[in-house]
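>>> what's the 3D shape of this:
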Amino acid sequence: MFGQAEAEIDAPIEGTNGATPKMLSFVNSTIQNFLGIIQIPIFGGIIFVLLVLGELNFWSPQVNFETEPFSSVGKFWPPLPLFLFFIFFNLVPNRRANL
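Residues are numbered from 1 along each chain as shown. Below is the predicted model of the structure:
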C-alpha cells in the first residue's frame, strides 16, 4: 500500500496485547454498522421534533390573535434539507463512490 510492504493480516501488532489488523478491522466495521443503525432514528427524531415545534407555533396565542410577526414564519425549515441531504448520503454509501 503506497510503497509499504503489506503486513500480514493475522500477525500481531507490536506493542498490543495480541491485536491483529484483522481484529481491528472487524471491530471498526462492527462499530461503524452499529453507529449507522443508531443514526437513522436519531436524525429521524430530530426532524420529527423540528416539525412538531413548527406545528405548535400554529396554535400559539400570537397566531390565534393574528399578531405573529412575519419574520418568525418558516424559521425552522432551513436546517431540514441539510439533515435530509446528510441522511441520504449516509444511507447510500456506495452512491458516493459513483459521483
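>>> Look at Ile13 and give its secondary structure.
coil (DSSP: H, G, I helix; E, B strand; the rest coil).
>>> Compute the number of surrounding residues for it.
13 (other Cβ atoms under 10 Å). The way it works is simple: take the backbone N, C-alpha and C, and place the C-beta from them, glycine included.
>>> Can you pull the phi/psi pair for the residue nearest to Ala19 when sequence neighbours are not counted?
Take Ala19 and drop its neighbours on the chain: the residue closest to it by Cβ to Cβ, 6 or more residues apart in numbering is Ile13, 5.2 Å away. Ile13 adopts backbone torsions of phi -80, psi 130, taken as degrees, to the nearest 10.
>>> hey, which helix is longest across this structure?
Ranked by number of residues, the top helix in the chain under DSSP state H is helix 21-56.
>>> for the record, mean pLDDT for that helix?
Averaged across helix 21-56, the pLDDT comes to 88.
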